[in-house]
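*Asks:* model the structure of this input:
(4 chains)
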4 protein chains.
Amino acid sequence: RLPFVLIAGPCQIEGETQALEVAHALAELGRATGVPVIYKSSYDKANRTSATAARGVGMARGLAILARVREATGLPVLTDVHLPEQCAPAAEAVDILQIPAFLSRQTDLLVAAGETGAAVNVKKGQFLAPWDMPNVAAKIAATGNRRILLTERGSSFGYNTLVADMRALPIMAATGWPVVFDATHAVQQPGGQGSSSGGQREYAPVLARAALAVGVAAVFIETHPDPDHAPSDGPNMIPLRDMAGLVRRLAAFDALAKADPGLS
Amino acid sequence: RLPFVLIAGPCQIEGETQALEVAHALAELGRATGVPVIYKSSYDKANRTSATAARGVGMARGLAILARVREATGLPVLTDVHLPEQCAPAAEAVDILQIPAFLSRQTDLLVAAGETGAAVNVKKGQFLAPWDMPNVAAKIAATGNRRILLTERGSSFGYNTLVADMRALPIMAATGWPVVFDATHAVQQPGGQGSSSGGQREYAPVLARAALAVGVAAVFIETHPDPDHAPSDGPNMIPLRDMAGLVRRLAAFDALAKADPGLS
Amino acid sequence: RLPFVLIAGPCQIEGETQALEVAHALAELGRATGVPVIYKSSYDKANRTSATAARGVGMARGLAILARVREATGLPVLTDVHLPEQCAPAAEAVDILQIPAFLSRQTDLLVAAGETGAAVNVKKGQFLAPWDMPNVAAKIAATGNRRILLTERGSSFGYNTLVADMRALPIMAATGWPVVFDATHAVQQPGGQGSSSGGQREYAPVLARAALAVGVAAVFIETHPDPDHAPSDGPNMIPLRDMAGLVRRLAAFDALAKADPGLS
Amino acid sequence: RLPFVLIAGPCQIEGETQALEVAHALAELGRATGVPVIYKSSYDKANRTSATAARGVGMARGLAILARVREATGLPVLTDVHLPEQCAPAAEAVDILQIPAFLSRQTDLLVAAGETGAAVNVKKGQFLAPWDMPNVAAKIAATGNRRILLTERGSSFGYNTLVADMRALPIMAATGWPVVFDATHAVQQPGGQGSSSGGQREYAPVLARAALAVGVAAVFIETHPDPDHAPSDGPNMIPLRDMAGLVRRLAAFDALAKADPGLS
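*Replies:* Below you'll find the model as predicted:
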């Protein structure tokens, strides 16, 4: 079993300078810690709580920036897609297409993503059980694509709250596809601030540690140089300066979990 | 306050003959009971549990059939849209565009629907609180469209189960938009049959009665001549032959709720 | 099927004067509306959120006051018991022993209550499914007692929130025991105010109406002359002056539900 | 920060021979692994799903057996109490009194347990939020007792299902009292087998690992030589023969979590 991969980056692309700054910092973090890094950022926040919230730089400019990040840093790049027609152009610029949780049952989007041949990371809907995910993965696999990742990002728990059920990790791993734990979205409080979502940044490392002890292929952590002034997901992103320390700790839990042949 | 409207029809369009048969029966039911009827049917089930499940007749044929239903029966027609580009052609053929619950936060879809000028019925996501819906409606209202309906169809409650919180009805009504109660989807058991969703048809009338006593503008009930052999949502649809009796009972509760000026 | 019964009274006994004042008002309400009334009040709040909250007048004084209420007003009286040894003395003073929701699985308490021969009203635990209640009722029925009532008062829904699932009413009614809907506790927000529970008084009539439309044997509504200054459950109790109007409206829904032979 | 303690034993006392056999095995496990062990077993299952289920040997015989276990093995012993009057005699025989989750809000029981001077372990109710527990602990602390433990054992998540929210561990630890994670009850499926509770034994080690990575003072694991024939909690108990291997793995996660000064 391979060591864990870190999927990280700012929630949304704010511009080329910001994207490259964070990407270079994460590439350096990867070299320093030995943890493979995949850069994540969104060109469009297509489902903001409120219509007046910042949506991002748009697909054309965003994909150009992501291609530039990939070229400048050598990092693989992940971005999310929202409509079937976005899949092919996105797959030109990035390595992994991500299906947002709300869209995890949209057959056409899953199929279009699968047909690009790029790797596809599906976030489990907040409204799905972990044992519902084989049907989701099968929609992609039916295209012949065998590069599928499944992400746990929390389940609806009453109103405006999510809970991360750690049993979901081995249940989804039983599909045979690598499982990712999204530590920063699992602590989101959807709609919890009226016209935007709240979050509990302080518990993201707690849940990441738990997930690595259980055993996962990757951890997804959104990060930003200045989360409190980020245009989206500020309340749950980890400050960039705290990432190296966090990743070193997580790597120790990952190594312990994977050294043990008795772990499922 | 106006009497309640019945939004009803088979989950998906199976063909012109089936569509017209059900629509004529519902038009007759409307005449017999005095309850205004809106015909509902889907041309595409874009988010089936499994990729191998029947998706429907497709948009072009489906919209043609719905236009034919409207012409032949005089009933207003509602259908759901899944992608922004479907909104304009759908609005040519039908009176009300419906935004599926999973897509209730997709800004582009809400805006595209709003821009058609057709009425737009948004189903509240299973992952949303009722007080999150003003932000959703505002995305449509920002297009200048003032013909918005909000539908309660149940909230995630543990895995593979929904619960209908009756408090959601007055909370959503406080937005000023008409509120619809979707009785047949609120008893769905998402993914509850492995590769398809289960349902508890027997509780749909129970929840509809409760919702009308609380006070709603419309009730949404999927119906089929032979639910146990329907290609989708069979476990929760009401047999067509039971509809007239059900609607008469519901009308009595509606009349009582609306006769009382003290009801909020 | 009999018309619904109103179980009502102040959450806790504050003194003989208060108890008699409310009881006389409720007896008068019963005469005026034709709705049978059962007086409810607690001598001890044994599970307050905080140890410093007011617990009540104690069992000896409380039972004496309840006996006085029964004698002075002719109303049947209900009170809750918390320990097996309280059942026999309480059954001397009152007509119905109530098992609190948190204690609905405590076998010794259920058996002790059953053995008194008094009627026993069990509130379904916030942690139980409606289909778990036959096992609960069987513990009482095993004593030979056939005077059992089952009450829905809401299920845990995330943290500090309850939801009332209207499907629970017919599911519990299938046991054959009369079903009560507790409208004021179903809108409680347990622990929602830090050192006490919050509540949403405004939704109690909404849920009561829904429950009567579904069909129940009784509705439970806590009431107080001045809820905002009550020692417990103030946020969810209904002002006494609003009760007559509320009960009249509820009676109309009850009559409609029970006039219809087609309702399950 | 001290290494974790293992609280373990069979759900209920079946007899002296069984109790001593398991206790000696756990004492040996403690010596072999270096993990301090507290022996846990119940003399009465006071809240079984069904009245016909086995309740146990009773308090007098059970406490005598537990006293014998303590004497014969030198292990500290924990047992649960259900009524205030049980606290004093139980505190003669055992070291830690445990308050069952359903009873975690019963003030008299908490106070009676606190007044014995024995350590008191309160299981958080399935219906409580982690931030509700300071009020619970304060009821015990008001007796002057400063030997309090707080246990997470899962929260209600829909019907017949629990979910373990790992955020609850640091939230409860912020009270200053040691936090215990109950791995075998967190995978219980309450009432999930009709007249008894189901369970998912295979996920208990998964959740225990997660909790130790987050950081806890103790882990609670019920164990039995032959769980499938145990009179209660069989579906979630760990076979005794698997315990040594499990505890060694857990100890490695505990050591890693506690070696890191940066962990909260």
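*Asks:* count the residues that sit near residue A:242.
*Replies:* 14 (other C-beta atoms under 10 Å in any protein chain shown). Placement of C-beta: from N, CA and C, glycine included.
*Asks:* any idea which element the residue positioned nearest the centre of chain A lies in?
*Replies:* With distances taken as C-alpha atoms, centre = their mean, the residue of chain A nearest its centroid is residue A:220 (4.5 Å). Residue A:220 belongs to strand A:218-224 when assigned by DSSP states H and E.
*Asks:* pairing partners for that strand, with directions?
*Replies:* strand A:5-9 (parallel), strand A:179-182 (parallel), strand A:238-239 (parallel) (DSSP bridges).
*Asks:* need those strands in TSV (columns: mean pLDDT).
*Replies:* Shown next, in TSV, are the strands paired with strand A:218-224 (pLDDT from 0 to 100):
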stretch	mean pLDDT
strand A:5-9	98
strand A:179-182	98
strand A:238-239	96
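*Asks:* any chance of those in CSV, plus mean neighbour count and distance to residue C:82?
*Replies:* Below are the strands paired with strand A:218-224 laid out as CSV (neighbours: other C-beta atoms under 10 Å in any protein chain shown; distance: least, C-beta to C-beta, whole Å):
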stretch, mean neighbour count, distance to residue C:82
strand A:5-9, 27, 52
strand A:179-182, 28, 43
strand A:238-239, 18, 47
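*Asks:* rewinding a little: mind saving the C-alpha coords of the strand holding residue A:220 as PDB?
*Replies:* Only the C-alpha atoms of strand A:218-224 are listed here, as PDB (Å, rounded to 0.1, in the frame of the first residue of the first chain):
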ATOM      1  CA  ALA A 218      -5.300  10.500   0.000                       C
ATOM      2  CA  VAL A 219      -6.300  13.500   2.100                       C
ATOM      3  CA  PHE A 220      -7.900  16.600   0.600                       C
ATOM      4  CA  ILE A 221      -7.200  19.900   2.500                       C
ATOM      5  CA  GLU A 222      -8.000  23.300   1.100                       C
ATOM      6  CA  THR A 223      -5.400  25.900   2.100                       C
ATOM      7  CA  HIS A 224      -4.900  29.600   1.600                       C
END
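*Asks:* ok now that strand, how far from the chain's centre?
*Replies:* Offset of strand A:218-224 from its chain centre (C-alpha atoms, centre = their mean, to the nearest Å): 6 Å.
*Asks:* can you tell me the average pLDDT over that strand?
*Replies:* Summarised as a single mean, pLDDT over strand A:218-224 is 97.
*Asks:* any buried residues in it, and which?
*Replies:* A:218, A:219, A:220, A:221, A:222, A:223, A:224 (16 or more other C-beta atoms under 10 Å in any protein chain shown).
*Asks:* from residue A:211, how far out is the residue nearest to the centre of chain A?
*Replies:* The gap separating residue A:220 from residue A:211 is 10 Å, by C-beta to C-beta, to the nearest Å.
*Asks:* give me the common contacts of these two.
*Replies:* Shared contacts of residue A:220 and residue A:211 (C-beta atoms under 8 Å, 6 or more residues apart in numbering or on different chains): A:181, A:183.
*Asks:* re the thing from before, now the buried residues of strand A:218-224 in CSV, with distance to residue A:249?
*Replies:* Listed next are the buried residues of strand A:218-224 as CSV, based on distance: C-beta to C-beta, whole Å:
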residue, distance to residue A:249
A:218, 16
A:219, 11
A:220, 16
A:221, 12
A:222, 18
A:223, 15
A:224, 20
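*Asks:* done for today, thanks.
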